[in-house]
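S.K.: quick one: sequence and predicted model below, then my questions.
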Amino acid sequence: MPVSTQSESVAAASPTLVTPSLLRDWPLPAPGGDKYSRGSVLVIGGARATPGAALLAGTAALRAGAGKLTLAVAESVAMQLGVALPECGAMGLPETADGSVTGEGLDRISSYLERADAILVGPGLDDPDLAEELLRALLEREGDGPGGSGSGGSGSGEGNAGGGPAVVLDAYALGGLVKLADRLDPWKGRLILTPNPKEAAVLLEREVEDLTADVAEIADKFQAVVSCQGYIARPSGGDAPEESELWKMTTGYGGLGTSGSGDVLAGAIAGLRARGTTSAQAACWGTHLHAAAADRLASRLGPLGFLARELADELPALMLELNT
């Protein structure tokens, strides 16, 4: 008789549907009295050729209610991004001659790593090998003990089960995980992945066959909360506060398949996580808000042609309607 894996067992169960009613019964943390109580987000990405991805992610984090934002990007574009988004701090990182961010120079942002409640890595990185080096450097820094970012988090980070900031990985940062799968212990309990189906295939090292089962498999493989195309999974078992292990969106429009949309999703999840949610709550809320924003834009502008940057502008009103 064949033995089923944990992820297969989770996938066999019907996912919990993420509806406005469910979210109203799963409220976000109270806003708090100042920006420090709403948490700090650090976005690491933004190569010279793709700085807009970091800008989109950072904007979404603030629109989701995060109190403070820092963009750590290629040094050749840091000043421009600081002007484009005056609400952020902008730090320049070492880059190659082609403008790709390297894994060197984390000492330049050490204080930001230590103070962050959520670190988002990936938006705008454009070299998979250098992205892997960056992840490796971040993990090694965590292993350095008290001086590492494992002591971090200045704001609300009650949900940081691993004792440090939440770590959200998107885009090219996801590809580096496969080679680092046996080194992820420092991020256990605080890792969130936001792959699209192609990136999910990279993480699985095979083609995606059944998205429901495959998202659950990725969650177990990397011990992370995963949001992929309307499905959210957390690792099986454990002592997570949520009863469910798999969720499914009930909203969302095809127009979400546009350049920069994934950066907005990752930024929204990071912003919510910085406010003190659990990783699963941040992923469910962020994915719903992202999809509902697309529905709202589609009703006003049409099913195609709305822009990723317009998604972020819809988030505050949507959160207000959900009584948060």
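M.R.: Cool, the structure landed. All figures in this text were calculated on a predicted structure; none of them were measured in a lab.
S.K.: helices of the chain, residue ranges please.
M.R.: For the chain, the helices defined by DSSP state H cover 6-12, 20-24, 51-63, 78-84, 110-115, 128-142, 172-175, 197-204, 211-222, 261-274, 279-301, 308-321.
S.K.: which other helices and strands does the third one contact?
M.R.: Just to be clear, that refers to helix 51-63. Taking 3 or more Cβ pairs under 8 Å, 6 or more residues apart in numbering; DSSP states H and E as contact, the helices and strands that helix 51-63 lies on are strand 40-44, strand 68-74, helix 78-84, strand 118-121, helix 261-274, helix 308-321. From N, CA and C alone the C-beta is placed, and that goes for glycine too.
S.K.: if we use 10 Å, what do you get?
M.R.: If you count contacts as 3 or more Cβ pairs under 10 Å, 6 or more residues apart in numbering; DSSP states H and E, helix 51-63 packs onto strand 40-44, strand 68-74, helix 78-84, strand 89-93, strand 118-121, helix 261-274, helix 279-301, helix 308-321.
S.K.: output these in a markdown table; the columns should cover mean neighbour count.
M.R.: As requested, the helices and strands packed on helix 51-63 are arranged in a markdown table below (neighbours: other Cβ atoms under 10 Å):
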| stretch | mean neighbour count |
| --- | --- |
| strand 40-44 | 31 |
| strand 68-74 | 27 |
| helix 78-84 | 16 |
| strand 89-93 | 21 |
| strand 118-121 | 31 |
| helix 261-274 | 32 |
| helix 279-301 | 24 |
| helix 308-321 | 19 |
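S.K.: Ala173 is nearest to which of those?
M.R.: Nearest to Ala173 among the helices and strands packed on helix 51-63 is strand 118-121; the distance by Cβ to Cβ comes to 4.4 Å.
S.K.: next one: that closest one to chain centre, how far?
M.R.: 7 Å (Cα atoms, centre = their mean, to the nearest Å).
S.K.: give the partner strands of it in its sheet and their orientations.
M.R.: The strands beside strand 118-121 in its sheet (DSSP bridges) come out as strand 40-44 (parallel), strand 166-169 (parallel).
S.K.: export the longest one to PDB, keeping only CA atoms.
M.R.: Listed next in PDB are the C-alpha coordinates belonging to strand 40-44 (Å, rounded to 0.1, in the frame of the first residue of the first chain):
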ATOM      1  CA  SER A  40      10.300  48.300   9.400                       C
ATOM      2  CA  VAL A  41      10.800  46.700   6.000                       C
ATOM      3  CA  LEU A  42      14.100  46.400   4.200                       C
ATOM      4  CA  VAL A  43      14.000  45.600   0.500                       C
ATOM      5  CA  ILE A  44      17.200  44.200  -1.000                       C
END
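S.K.: tilt between it and strand 89-93?
M.R.: 30 degrees (axes from the mean of the first three to the mean of the last three Cα atoms, to 10 degrees).
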